[in-house]
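Asks: Pasted the sequence and its predicted model underneath.
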Amino acid sequence: MTEHQTQADIDRKAGTQKRGSAALPDRPRSKKLRPLFQLWPYVAGRGVIFWPALLLLLAGVGITLYLPVVLRGIVDNGLANNDIPAINNGFKTFIGVVILMTLITSARFYFMSLLGERAAADLRSDVYQKLINLSSGYYSSLRSGEAVSRLTADVTLIESFLGSSASIFLRNALSLTGALIMMFILNWRLTGVMFIAVPLIMIPMFVIGTRVRKLSTAVQDRIADAAGEASESLEAIELVQAYGQEATRASRFRQACETAFIAARRRIGAQTLMSGSIIFGLFTGIAFMAWLAIQEVLAGRMTSGELAQFAMYALSGVSGFGMLADVFNAAMRTSGAIQRCSEILNEDPDIRAPEKPLNLPSPVTGAVRFDNVSFSYPTDSQRSALNGFDLNIKAGETVALVGPSGAGKSTVFRLLLRFYDPNAGAVLLDGMDARAVTPQEWRAQFGYVPQEAALFSGSAADNMRFAFPEASDEDIINALKASEAWQFLQTKQGLDAELGGRGKNLSGGERQRVAIARALVRNAPVMLLDEATSALDAENERLVQSALDRASDDRTTLVIAHRLATVRRADRIIVMDQGSVAEEGDHESLVKQGGIYAHLAELQFSGT
Ligand SMILES: Nc1ncnc2c1ncn2[C@@H]1O[C@H](COP(=O)(O)OP(=O)(O)OP(=O)(O)O)[C@@H](O)[C@H]1O
């Protein structure tokens with residue numbers, strides 16, 4: 001197995017395989033069809049679309065079954081008796097029925113497709129609504145790529161099933177049943193023989209059909225490999241060119257394309273065999289049945305009109321059966337997709353409001369306390385990230401958290417923002433346990449500047465109102481001025497400046513200053529700053545430092561500090577090691593102690 005084949009297998013298992021836009025996503029299927037019924041509320045919930053769709057479906061099936069009856073009338077009443085007016089009238093009726101059928105079928109198509117799109121849009125929104133409310137614990141056990149796949153690929157499968165396959169399935173299942181009943185009534189002997197003959201003809205087709213399906217999947221997999229290969233290289237085009245890897249990468253892509261071609265050649269071979277056997281099987285079958293039917297007519301057990309009617313049912317029945325087989329495959333895949341979406345919909349967020357939430361005191365002063373907190377991440381429950389951690393911060397105090405990598409500094413922030421709850425002990429704000437209030441009210445007390453200052457596409461003002469939707473333009477400008485971001489934004493379009501997806505139109509330092517302004521505009525009693533470790537030039541660093549300084553004015557501030565300058569400005573320094581407080585004090589006293597802090601200070605906090 002080559003390296004990229006292995007990667008494709010991993011991707012397929014994780015459901016993140018890239019597909020051509022026309023093809024439906026390849027997602028694991030279910031072995032059961034029962035999950036399909038979970039779609040019922042989404043479908044039946046929209047009665048204005050659902051009932052017309054169902055009625056039109058039934059009417060369409062009824063009229064399709066009626067058409068052969070008209071044909072029998074033409075043959076038996078007109079053709080057999082040489083009755084020209086009867087033939088003409090018969091065909092007028094025939095055309096009338098065809099017009100009605102066209103109208104019903106078109107309307108059915110419209111309503112069924114609409115129903116699929118409606119249900120998919122509702123389902124997609126529900127899944128996203130759930131995803132955005134799920135807690136960090138959920139995401140640490142599910143790859144975020146997989147969550148996105150469920151939102152897009154799985155819902156697309158369901159959408160396509162509801163919009164077309166489900167309708168094909170119902171229509172063909174009903175038509176086939178109706179046609180079989182009519183055929184039995186017309187001539188049960190002929191129908192009996194057909195029951196034996198048709199499966200015999202179809203067995204080879206099914207065998208080859210299964211092979212074609214497998215080979216088609218193989219071709220798609222190989223194409224996905226090639227596409228994966230290409231996008232990986234193109235996403236890192238500068239790196240590829242900088243290391244002079246263009247030729248190697250191009251030749252790897254060529255190889256992937258070649259493998260896809262070889263798989264496609266195999267599929268074409270099987271398809272050729274299949275179409276040959278379909279043509280042969282179908283026409284010999286038709287000839288055999290026609291021969292038998294003519295014997296019935298000659299023996300006087302059937303009229304010519306009944307023969308024509310029978311033939312029409314038989315033909316529609318065979319095609320309906322073929323389609324059912326295809327749709328069955330789609331149903332299995334959809335069933336798997338529904339299972340994965342329902343997993344999300346049935347998920348309960350770990351972090352939720354208590355039954356009777358209390359309110360925080362008003363106003364919140366910002367006194368923060370960790371009371372003997374122990375915590376381990378759900379994905380690594382054996383290891384404690386925090387271990388009997390105690391911390392008492394007075395309102396308005398500025399505390400710097402320092403410590404070696406993995407000491408638990410970010411974990412302190414995650415518990416403060418209540419992304420997780422502690423396993424033991426309590427996190428308190430103004431004496432109130434985080435678990436006693438709603439997560440929304442709790443989090444509203446914090447301004448947060450993460451190390452990776454994530455911004456969103458949209459204007460500077462949009463990004464600022466992300467933290468506080470009611471903020472006036474003046475509030476926003478003041479926050480931007482305080483964080484030293486207004487000056488450079490003015491050289492763009494001020495509040496209307498487009499920041500680009502993830503703020504890509506800004507430099508690293510500018511992004512950080514906008515992120516600090518965003519936290520400031522919230523005007524929350526507690527500020528959480530995770531100082532960026534990324535190297536900034538001296539001027540940018542000075543600007544970010546003064547922004548951070550102002551961010552901590554008049555409010556409780558916890559800063560995960562990586563720079564000596566930040567630490568010196570703090571009222572108190574907490575040195576963390578292995579999930580607990582190892583040392584505590586101000587810069588001078590800690591340096592004198594000659595412990596972890598002294599060592600970090602010596603290294604100027606680099607690498608922490
Ligand atoms: N999502 C997670 N799942 C499992 N373990 C985690 C998770 N996040 C962090 N940890 C572990 O918890 C411990 C504390 O991590 P934390 O991120 O709080 O350290 P830190 O002091 O902020 O480190 P750094 O300075 O490198 O950011 C580490 O051992 C880390 O491996």
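Replies: Thanks, I have the structure now.

Asks: CA atoms for contacts and neighbours, from now on please.
Replies: OK.

Asks: and the residue nearest the centre of the chain, what does it touch?
Replies: In the chain, the residue lying closest to the centroid (CA atoms, centre = their mean) is residue 151, at 2.2 Å. For residue 151, the contact set (CA atoms under 8 Å, 6 or more residues apart in numbering) comprises 124, 127, 128, 341.

Asks: What helices and strands are in contact with the helix or strand where the last one lies?
Replies: Secondary-structure assignment from DSSP states H and E places residue 341 in helix 304-345. In this structure, helix 304-345 packs against helix 47-73, helix 84-133, helix 155-160, helix 166-186, helix 246-298, with contacts taken as 3 or more CA pairs under 8 Å, 6 or more residues apart in numbering; DSSP states H and E.

Asks: and after the helix or strand of the chain with the lowest mean pLDDT, which helix or strand comes next?
Replies: Lowest by mean pLDDT, DSSP states H and E among the helices and strands of the chain is helix 3-14, with a mean of 38. Toward the C-terminal end, the helix or strand that comes next after helix 3-14 (DSSP H and E) is helix 40-44.

Asks: how near is residue 169 to residue 321?
Replies: Using CA to CA, to the nearest Å, one obtains 10 Å as the distance from residue 169 to residue 321.

Asks: So those two - more neighbours on which side?
Replies: Using other CA atoms under 10 Å as the criterion, residue 169 and residue 321 rank with residue 169 on top: 22 against 17.

Asks: Could you pull up the contacting residues of the more buried one?
Replies: When contacts are counted by CA under 8 Å, 6+ apart, residue 169 is found next to 323, 324, 327, 328.

Asks: What of residue 202?
Replies: By CA under 8 Å, 6+ apart, the contact list for residue 202 reads residue 281.

Asks: go again using 10 Å as the cut-off
Replies: 277, 278, 281, 282, 285, 318, 322 (CA atoms under 10 Å, 6 or more residues apart in numbering).

Asks: These: which ones sit near the ligand?
Replies: Among those, no residue sits close to the ligand (CA under 6 Å from any ligand atom).

Asks: Can you flag the buried ones in those?
Replies: For the contacts of residue 202, burial is judged from neighbour counts taken by 16 or more other CA atoms under 10 Å, and it is met by 277, 278, 281, 282, 285.

Asks: Am I right that the last one is in contact with residue 198?
Replies: Yes - contact status for residue 285 versus residue 198: in contact at 7.4 Å, counting by CA atoms under 10 Å.

Asks: Give the buried residues for the helix or strand hosting residue 414.
Replies: With the criterion set as DSSP H and E, the secondary-structure element containing residue 414 is helix 409-416. When burial is assessed from 16+ other CA under 10 Å, helix 409-416 yields the following buried residues: 409, 410, 411, 412, 413, 415, 416.

Asks: Does anything pack onto that helix? Which helices or strands?
Replies: Contacts of helix 409-416 with other secondary structure elements, assessed using 3 or more CA pairs under 10 Å, 6 or more residues apart in numbering; DSSP states H and E, are made with strand 368-375, strand 386-393, strand 398-402, strand 424-429, strand 526-530, strand 556-560, strand 572-577.

Asks: swap the cut-off to 8 Å and go again
Replies: Contact partners of helix 409-416 among helices and strands, from 3+ CA pairs under 8 Å, 6+ apart: none.

Asks: Could you confirm residue 581 falls within a strand?
Replies: Yes - counting by DSSP: H, G, I helix; E, B strand; the rest coil, residue 581 is located in a strand.

Asks: May I have the beta-bridge partners of it?
Replies: residue 576 (DSSP bridges).

Asks: Check the gap between it and residue 404 for me.
Replies: Separation of residue 581 from residue 404 (CA to CA) stands at 12 Å.

Asks: sorry, back to before: a markdown table for the contacts of residue 151, including distance to residue 137?
Replies: Putting the contacts of residue 151 into a markdown table (distance: CA to CA, whole Å) gives the following:
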| residue | distance to residue 137 |
| --- | --- |
| 124 | 22 |
| 127 | 17 |
| 128 | 17 |
| 341 | 18 |
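
Asks: The ligand: which of those residues is nearest?
Replies: Nearest to the ligand, judged by CA to the nearest ligand atom, of those is residue 128 at 21.5 Å.

Asks: Distance of the nearest residue to that closest one once chain neighbours are set aside relative to residue 57?
Replies: For residue 128, ignoring the flanking residues on the chain, the nearest one in space by CA to CA, 6 or more residues apart in numbering is residue 151 at 6.8 Å. Using CA to CA, one gets 29 Å for the distance from residue 151 to residue 57.

Asks: returning to that earlier point: and the helices and strands packed on helix 304-345, which is most packed in?
Replies: Neighbour counts averaged per stretch over the helices and strands packed on helix 304-345 are highest for helix 155-160, at a mean of 24; criterion: mean count of other CA atoms under 10 Å.

Asks: list the helices and strands it packs on?
Replies: Judged by 3+ CA pairs under 8 Å, 6+ apart, helix 155-160 is in contact with helix 84-133, helix 304-345.

Asks: List the contacts of it.
Replies: Residues contacting helix 155-160 (CA under 8 Å, 6+ apart): 24-25, 116-117, 119-120, 123-124, 333-334, 337-338, 341.

Asks: For the ligand, state which of those is nearest.
Replies: Distance from the ligand was checked for each of those by CA to the nearest ligand atom. The minimum falls on residue 341, at 23.4 Å.

Asks: Let me know whether that closest one touches residue 150 as I believe.
Replies: Yes - taking contacts as CA atoms under 8 Å, residue 341 lies within contact range of residue 150: 6.2 Å.

Asks: So which of those two has more stuff around it?
Replies: residue 150 (26 against 22).

Asks: Any part of stretch 582-591 near the ligand?
Replies: No - contact check for stretch 582-591 against the ligand, using CA under 6 Å from any ligand atom: none in range, with a minimum separation of 12.7 Å.

Asks: Now do the end-to-end distance for that stretch.
Replies: One end of stretch 582-591 sits 14 Å from the other (CA to CA).

Asks: sorry, back to before: identify the residues contacting the helix holding residue 414?
Replies: When contacts are defined by CA under 8 Å, 6+ apart, helix 409-416 is touched by residues 385-386, 401-403, 420-422, 427, 528, 530, 560, 576.

Asks: For the protein, what lies in contact range of the ligand?
Replies: Applying CA under 6 Å from any ligand atom, one finds that the chain approaches the ligand through 140, 377, 379-380, 385, 405-411, 608.

Asks: where do the helices sit along the stretch 351-500 of the chain?
Replies: If you assign secondary structure with DSSP state H, counting those that start in this stretch, the helices in the stretch 351-500 of the chain sit at 409-416, 439-443, 460-465, 473-482, 486-491.

Asks: most tightly surrounded among those helices?
Replies: Scoring those by mean neighbour count under mean count of other CA under 10 Å gives helix 460-465 as the most buried, with a mean of 22.

Asks: elements contacting that helix?
Replies: Applying 3+ CA pairs under 8 Å, 6+ apart, we find helix 460-465 packed against helix 473-482, helix 508-521.

Asks: TSV please, covering the ones you listed and showing mean pLDDT.
Replies: Compiled in TSV, the helices and strands packed on helix 460-465 are given as follows (pLDDT from 0 to 100):
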stretch	mean pLDDT
helix 473-482	88
helix 508-521	86
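
Asks: quick one: which of those helices is nearest residue 351?
Replies: In this view, these are compared for proximity to residue 351 by CA to CA, and helix 508-521 is the closest at 22.7 Å.
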